[in-house]
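starting from these lines, generate the structure:
(one chain, ligands or ions: 1)
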Amino acid sequence: MCGIAAYLGQRLAVEILMDALRRLEYRGYDSAGIATLEHEKIHCCRAVGTISVLQRKLTDSPIPGSMGIGHTRWATHGSVTELNTHPHFSMNGKFAIVHNGVVENFASIREFLSLQGYVFYSDTDTEALVNLMAYHYAKEPANATKDRFLESVRKSLLHVRGTYGIAVVCQERPREIIGARNSSPLVLGIGKGELFLSSDVASFTAHTRDAVFLNDNELVHIKNDSFAITTLDREEVEAVRQQVDWDTVAAELNGYPHFMLKEIFEQPQALENALRGRIENETATAHFGGLQMTTDELRSINRIIFCACGTAWCACLVAEYLIERFARIPVEVEYASEFRYRNAPLDPKTLVIVISQSGETVDTLAAMREAQRRGTRVLAITNSVGSTIAREANGGIYQHSGPEIGVASTKAFTSQLCIVALLALHLGRLRDLSEAEGMEIIGAFKQLPSQAKSILDQSAHIQTIAARYQNCSDMIFLGRQSMFPVALEGALKLKEISYIHAEGYPAAEMKHGPIALVAPQCPVFCLACGEENIFEKTLSNMQEVRARGARTIVVAREDSPIGATDDVIWIPPAHAVTSSILATIPVQLFAYHMGVLRGCNVDKPRHLAKSVTVE
Ligand code: M6R
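Sure, this is the predicted structure:
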């Protein structure tokens, strides 16, 4: 987690870095800091709290310099205090570092350095790393042919077990910055006479769209306006420059009170983007440009394992229902964090598909690498062009949802559902799905953006409903079949945004235990808009909780006979392939309004970060 940024150019570094940190704040927001370098003097400002707290401090005591490094933190080692806030310094004050990741063997590094007389002021793993750099720098002969600064960073990183995206400055090298990465993202931005480093390209696209995405075990050495990339083993690396089309304007609020609401309302557009160019009317199928698999290879697959975390994992569960139903291929769904350490049997006819909005979630990345190490082909569904997962997958599908800034995943989730539905159609048509069924599904996709829009029009109605439940202590979300993952996602959304304890269950499971929780202060949100054959059964499950005193909110298709309920949200009648997408929008709006009514910071919920780059 955490976001790092660095700048070397002619402009005031603080202004560039503060703008970058604001755009990186989604990666962590418990404290932030900046260090600049001018005339061989390092200036630093750090603050506990959001970037705005750091901004106030900097306004009171500005720091000069046209190069520097910055960090926004999501604490891993050490509590949220100013001492634990980055940048961290070597004991002699010569080195300053910002770090995203975890140095797993920091305790042994620290112990070794303590024996050499090093003193530590923070509880962080990062301080051990920066002191190790100072240690190697002191030992490196000054007249060596190799660059002393670069060698000290390189030697230190060779000791590290764990993950890092770093930017380091050295007091004796006033126009140089070194960056490096291993499993945490780092991208170089190349401007006119200025260079940028960042965890996320979106933090500098206002200045340049010319970018180089670093790979694991690579270092970039920036000197004035030039740079060189090498591996940890000193191999030279040819920089692959890419033009990014990421739209920074999309990362503004544009009149919405929160990014989460803006992104919920962007769903019709995000769905259109996911569908664009992928539907083939003539052959009643969907197609994708980047799968890198022949039709024969796709036909030979006899098992798919989906891996992901959090909301993206819920999208995998929907994929299971859709692909098994329409393509008749057995699907398994795994938490990436479990899969990576499990010796799951894999064979050449197994396909692994990972889903990740950010393309940087460390467990998903590790699950992908583990499957690849064992010779299995991995496809990735991701929103982040140029992310590590996108670059390392054997093939994949981009979501094209645009930047998702709110920590709660909303438009990225429904876009993932849309893509797995398209994939179910594609795989189904390569097998037994008839042309007529294919055309029916295509018809459903065509209606999808406008149907999504009609649900968004009910935001005020959903807000009124939320107001009636805002003081509840627990909540249960129920659904059956493809509505079960939506129930899980609804519960996850409510938990993370409003801090209300919530659980999602397959509706019929209630009587096997959870029904004991039912009480007036534990309302039940029932998704009765999935497969037709279980509609009445879902309603019976809802009546069972009502009979025991639960208040109920039901999401149902317009004009369907739902019986008694306290509240109802109608959604347009839809095909099974798109109904999970439509049913998600009410649960998102409900969680959003609950969070706002309860005074929560919906864009930056406590203890969370957008991109989870630690295990
Ligand atoms: O970037 P990813 O899709 O890999 O992220 C996975 C989860 O961390 C993410 O979906 C998380 O659960 C969201 N905060 C949920 O809203």
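
just the residues contacting stretch 134-145, thanks.
Residues from elsewhere that reach stretch 134-145 (Cβ atoms under 8 Å, 6 or more residues apart in numbering): 90-92, 94-95, 113, 116, 118, 146, 148-149, 151-152, 155-156, 170. All C-beta atoms are positioned from the backbone trio N, CA, C, and that covers glycine.

looking at those, which are in helices?
With DSSP state H as the criterion, helices contain Leu113, Arg148, Phe149, Glu151, Ser152, Lys155, Ser156 from among the contacts of stretch 134-145.

mind putting the residues you listed into TSV with distance to the ligand, neighbour count and pLDDT?
As requested, the ones in helices among the contacts of stretch 134-145 are exported to TSV (distance: Cβ to the nearest ligand atom, whole Å; neighbours: other Cβ atoms under 10 Å; pLDDT from 0 to 100):
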residue	distance to the ligand	neighbour count	pLDDT
Leu113	34	20	97
Arg148	38	19	93
Phe149	34	24	96
Glu151	35	18	95
Ser152	34	24	96
Lys155	33	17	96
Ser156	29	26	97
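
how about TSV for these, with distance to Gln357 added?
Below are those laid out as TSV (distance: Cβ to Cβ, whole Å):
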residue	distance to Gln357
Leu113	38
Arg148	41
Phe149	36
Glu151	38
Ser152	37
Lys155	36
Ser156	32
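
how many residues are close by the spatially closest residue to Ala564 that is not a sequence neighbour?
Closest residue in space to Ala564, ignoring its immediate chain neighbours: Arg546 at 6.5 Å, by Cβ to Cβ, 6 or more residues apart in numbering. Look at Arg546: counted by other Cβ atoms under 10 Å, it has 18 neighbours.

report the separation between Arg546 and Arg468.
Relative to Arg468, Arg546 is positioned 16 Å away (Cβ to Cβ, to the nearest Å).

what is the end-to-end distance of stretch 34-48?
12 Å (Cα to Cα, to the nearest Å).

again, but for stretch 183-197
Note: stretch 183-197 ends 16 Å apart using Cα to Cα.

get me the contact residues on the chain for the ligand.
309-312, 356-358, 361, 364, 407-409, 496, 608, 611-612 (Cβ under 6 Å from any ligand atom).

thought the residue nearest to Ala564 was touching Ile562?
No. Under the criterion of Cβ atoms under 8 Å, Arg546 makes no contact with Ile562, lying 11.4 Å away.

and the residue of the chain found nearest the ligand, what does it touch?
Closest to the ligand within the chain is Gly310: 2.0 Å, counting by Cβ to the nearest ligand atom. If you count contacts by Cβ under 8 Å, 6+ apart, Gly310 has them with Ser409, Leu492, Val612.

tell me the SS of the closest residue to Leu488 other than its chain neighbours?
Spatial nearest neighbour of Leu488, chain neighbours left out: Gly504 (3.7 Å); criterion: Cβ to Cβ, 6+ apart. Three-state call for Gly504 (DSSP: H, G, I helix; E, B strand; the rest coil): strand.

around Gly504, how many other residues sit close by?
Neighbour count for Gly504, taken as other Cβ under 10 Å: 25.

do I have it right that it meets Arg480?
No. Look at Gly504 against Arg480 with Cβ under 8 Å: they stay out of range, at 11.5 Å.

got the CA positions of the strand or helix carrying Phe525 in CSV?
Taking DSSP states H and E as the definition, Phe525 sits inside strand 524-528. Extracted in CSV, the C-alpha atoms of strand 524-528 (Å, rounded to 0.1, in the frame of the first residue of the first chain):
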residue,chain,number,x,y,z
VAL,A,524,-32.5,-7.9,5.8
PHE,A,525,-31.8,-6.7,2.3
CYS,A,526,-33.2,-9.3,-0.1
LEU,A,527,-32.1,-9.5,-3.8
ALA,A,528,-35.1,-11.2,-5.4
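
adjacent strands (with direction) for that strand?
The pairing partners recorded for strand 524-528 under DSSP bridges are strand 474-479 (parallel), strand 552-557 (parallel).

contacts for the helix or strand harbouring Arg468, please.
Assigned by DSSP H and E, Arg468 belongs to helix 459-469. Outside helix 459-469, the residues within contact range by Cβ under 8 Å, 6+ apart are 475, 523, 551, 553, 566-567, 569, 586, 589-590, 593-594, 597.

measure how far it is from the centre of its chain, please.
How far helix 459-469 lies from its chain's middle: 28 Å, per Cα atoms, centre = their mean, to the nearest Å.

I figured Arg557 hits Ala574, correct?
Yes. Arg557 lies in contact with Ala574 (Cβ under 8 Å); the separation is 7.3 Å.

any common contacting residues for the two?
Cys529.

Val333 versus Leu379, what's the distance?
Distance from Leu379 to Val333, by Cβ to Cβ: 15 Å.
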